[in-house]
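> sequence and predicted structure below; questions after.
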Protein chains: 2
Amino acid sequence: MSYPLPLKIRGLGRYLPDRIVSNQELEQRMGLAAGWIKKKTGVMQRRWVTADMSASTMAAKAAAEALENACMTMDDVSLILNASGTCQRVIPDNAPLFQRELGYGASGIPGMSIHSTCLSFLSGIEVAAALLAVGQYQSILLITSDIPSRGLNFNDPESASLFGDAAAAAVLSLPGPQESGAIHAYRMETYGEGADLTTANAGTGGYPYADGSKPEEALFKMDGKRVYRFAQKYGRGFLDRLAPGFAQEMQRISAVIPHQSTLLGIHALKNHGIDLEKVVITLPDYGNCVAASIPLTLYQAVKDGRLRRGERFLLVGTGAGVSVAAALLTY
Amino acid sequence: MSYPLPLKIRGLGRYLPDRIVSNQELEQRMGLAAGWIKKKTGVMQRRWVTADMSASTMAAKAAAEALENACMTMDDVSLILNASGTCQRVIPDNAPLFQRELGYGASGIPGMSIHSTCLSFLSGIEVAAALLAVGQYQSILLITSDIPSRGLNFNDPESASLFGDAAAAAVLSLPGPQESGAIHAYRMETYGEGADLTTANAGTGGYPYADGSKPEEALFKMDGKRVYRFAQKYGRGFLDRLAPGFAQEMQRISAVIPHQSTLLGIHALKNHGIDLEKVVITLPDYGNCVAASIPLTLYQAVKDGRLRRGERFLLVGTGAGVSVAAALLTY
């Protein structure tokens, strides 16, 4: 058994917080010139949660829509796979918190988490495809829910204005006899030498656990310029390593769903063989939503009719680590 | 394709910090009567890291031993899978940090993390078996490295005296033509209604990220009695759900490797059909090492000749969430 593996995205859902945070609001807060944020990041507005919301409450709403979209209920779910880039608590992982919020806290439905920062949804797709292929689960509820707004450093306007909160979910299973759906290729490359370029140092090596650590270490920190150069360096040839002769593959692809890192990063996909006309962009409306950006943008592509059943699409992105990853699928 | 899946544990390694922390030291620190800790938890001593150590430095040492034991090098590794119960940083996940510490930060070897608290190694085994079975990777370096000592609450003597720091690693691949090795069954059940019984509330829902959160929320908190009752309730019949007719299966099993939760919890396995004579116990020497306990105890079982090539064994445990999980394998 090997790739391609059968994989059906049976339903998609998302949740966006009600509160819209404008560039004007943030420019005033951080003392920036009007228009600075749009010019620097490409973000026009983003959604941020209010204090009463949690990753779980967002996750449950996104999951409910994905299940409805799949014509399924929680009783049909055999695994809850959390694939967020941020955690609600360090212990336990998000999966049992999501399960409880969905009203299934006594169900026994197993839950676990996958984490590869902004690429967690991609890793989740890879793992889900393998678990479904070996018959371990019949249907997997893959959920991403991120609240970067609570870890921003307002002394760093570029990163503080880039991020938005969101959740998105997908119901995955094997396709039925008359149904489309497959994962044709998957590849991730990790370059730990870039681990300090994008970081939030809360944990046993940072605040509040390590002796002498300081509160500001826990805030999100990104060296945007170096991350961009890093991504360009390691992105070179990556898509040909994913699928040899990628240029031909590109012609068969209907939609490219990139991680919404920055507008500069998305536009740079053209340097790596991507046809920008096929790229779906949600960054201006929602910002970079960490791991939720890819499934949120996938949701948008389907909603807008840019990706239809039976068509090929590419998920692609870079994430803290630094990792580069992509998956080629049929919807 | 379905279970049993071929799975070879090609090498095992561990790392234990040099610093031994005695019960006497902790009893003095917390003002406890001599002998209180042993009586309450069954732990005689534990290892704690010094300030210069990190999850990565422990992970790299355990991984190096596992690779040597497998007669392999990092160049043979096609995926680094972190399966720790604690994180060194919230972003990025541990995998790229471990890769960099191993001197392979420019290698591109992909890395990601699996998290199901104390059961992370078990989840890692399940995911690795599926990824190997579908041919996505040739060999997986599964690493667990936990430093609970940095999140203890010394106002709660029971949990503060229970935990130890450790790392353990396994090199996994498909067995060769003449080799043994399989995973026969795997099962996890999660009951999110118990999510508050064992927790460390650092993250977007706790300290330092949520407004109004307090530093003590980030410390490890466990309601030992309720966790025990919870585990007994949901453990009932679990092994028959893992492998129908488990009583017969028990006779074929050479070694049972439980999570080293507490001595009480380990002894309670007899209520669920486990022959205690086959149970391997490392708790008195090392304490509860979070997710590292299961692979550390597996290492010990092999080292002591209690588990040999071709023999069957059971990994089993409960973890924060609350989840119950077990895997039946051939070594």
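Yep, it's here. Numbers count the residues shown, from 1 in each chain, chains lettered A, B, ... in the order given.

> could you look up the SS state of the closest residue in space to A:P110 that isn't next to it in sequence?
Ranked by Cβ to Cβ, 6 or more residues apart in numbering or on different chains and with sequence neighbours excluded, the top spatial neighbour of A:P110 is B:M188, at 3.8 Å. C-beta here means a position set from N, CA and C on the backbone, and glycine is covered the same way. Going by DSSP: H, G, I helix; E, B strand; the rest coil, the secondary structure assigned to B:M188 is strand.

> gap between the residue nearest to the spatial centre of chain A and chain B?
Centre of chain A computed as the mean C-alpha position; nearest residue by Cα atoms, centre = their mean is A:A291, 2.5 Å away. Here the criterion is Cβ to the nearest Cβ, to the nearest Å. By it, A:A291 lies 10 Å from chain B.

> thought that residue was touching A:N94?
No. Using Cβ atoms under 8 Å, A:A291 makes no contact with A:N94, being 11.0 Å away.

> shared neighbours of these two, which are they?
Residues touching both A:A291 and A:N94 (Cβ atoms under 8 Å, 6 or more residues apart in numbering or on different chains): A:S84.

> which residues in the stretch 51-200 of chain A form helices?
Secondary structure of the stretch 51-200 of chain A, counting by DSSP state H, counting those that start in this stretch: helices at A:55-69, A:94-101, A:120-133, A:157-160.

> excluding chain neighbours, what is closest to A:I253?
Leaving aside its chain neighbours, A:I253 sits nearest to A:R312 (4.9 Å; criterion: Cβ to Cβ, 6+ apart).

> for stretch A:122-141, what is the average pLDDT?
Mean per-residue pLDDT for stretch A:122-141: 98.

> which residues touch the closest residue to A:G108 other than its chain neighbours?
Residue nearest to A:G108 in three dimensions, not counting chain neighbours: B:E189, with 4.0 Å by Cβ to Cβ, 6+ apart. The neighbourhood of B:E189, defined by Cβ under 8 Å, 6+ apart, consists of A:108-110, B:234, B:238, B:241, B:323-325.

> select only the buried ones of the residues you listed in PyMOL?
To isolate in PyMOL the members of these that are buried, counting by 16 or more other Cβ atoms under 10 Å in any protein chain shown, one can use:
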select buried, (chain A and resi 108+109+110) or (chain B and resi 234+238+323+324+325)
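
> which parts of the stretch 151-300 of chain A sit against chain B?
If contacts are counted using Cβ under 8 Å from any Cβ of the partner chain, the residues of the stretch 151-300 of chain A sitting beside chain B are A:151, A:186-195, A:198-212, A:215, A:218, A:220, A:234.

> out of the residues you listed, which are buried?
For those, a neighbour count by 16+ other Cβ under 10 Å gives the buried set as A:151, A:186-195, A:198-210, A:218, A:220, A:234.

> among these, which are located in strands?
A:186-190, A:198-199, A:202-203, A:207-208 (DSSP state E).

> quick one: closest of the helices of the stretch 51-200 of chain A to B:E126.
Nearest of the helices of the stretch 51-200 of chain A to B:E126, taken as Cβ to Cβ: helix A:120-133 at 7.7 Å.

> the closest one near chain B anywhere?
Yes. Counting by Cβ under 8 Å from any Cβ, chain B is contacted by helix A:120-133 at A:120, A:123, A:126-127, A:129-131, A:133.

> now, which of the residues you listed sits nearest A:D304?
Comparing the residues of helix A:120-133 next to chain B against A:D304 with Cβ to Cβ picks out A:S120 as the nearest, at 24.0 Å.

> so who does the closest one touch?
When contacts are counted by Cβ under 8 Å, 6+ apart, A:S120 is found next to A:83-85, A:114, A:144, A:291, A:319, B:112.

> go with 7 Å
Under the criterion of Cβ atoms under 7 Å, 6 or more residues apart in numbering or on different chains, the contact list for A:S120 reads A:83-85, A:114, A:144, A:291.

> domain assignment for chain A?
What the record gives for chain A is the domain set A:5-173, A:182-330, from automatic domain parsing.

> these into TSV, with extra columns for distance to B:A63?
As requested, the domains of chain A are arranged in TSV below (distance: least, Cβ to Cβ, whole Å):
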stretch	distance to B:A63
domain A:5-173	18
domain A:182-330	13
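
> name the stretch among those domains that sits most buried.
For these, ranked by mean neighbour count under the definition mean count of other Cβ atoms under 10 Å in any protein chain shown, the leader is domain A:5-173 at a mean of 23.

> quote the end-to-end distance of that one.
Taking Cα to Cα, to the nearest Å, the span from the opening residue of domain A:5-173 to its closing residue is 11 Å.

> ok, stretch A:202-209 next?
With Cα to Cα as the measure, what separates the two termini of stretch A:202-209 is 8 Å.

> what does stretch A:192-209 give?
One end of stretch A:192-209 to the other measures 22 Å (Cα to Cα).

> and if you look at stretch A:208-221?
16 Å.

> avg pLDDT for it?
In this model, stretch A:208-221 carries a mean pLDDT of 91.

> what's the answer for stretch A:187-197, then?
Confidence over stretch A:187-197 (mean pLDDT, whole number) is 97.

> chain center to it: distance?
Once both centres are worked out by Cα atoms, centre = their mean, to the nearest Å, stretch A:187-197 turns out to sit 17 Å from its chain's centre.

> end-to-end on it?
Across its full length, stretch A:187-197 reaches 22 Å end to end, with Cα to Cα as the criterion.

> could you do stretch A:298-307 as well?
For stretch A:298-307, the first-to-last residue distance is 8 Å (Cα to Cα).

> can you list contacts of that stretch?
Applying Cβ under 7 Å, 6+ apart, the set of residues contacting stretch A:298-307 from outside is A:12, A:14, A:168, A:254-255, A:257, A:280, A:282, A:313, A:331.

> go through the residues you listed and name the one nearest B:M44.
Distances from those to B:M44 were compared by Cβ to Cβ; the smallest belongs to A:A168, at 48.3 Å.

> the closest one and A:P175, how far apart?
The spacing between A:A168 and A:P175, counted by Cβ to Cβ, to the nearest Å, is 21 Å.

> same thing with A:I274?
As it turns out, when the distance is counted by Cβ to Cβ, A:I274 lies 27 Å from A:P175.
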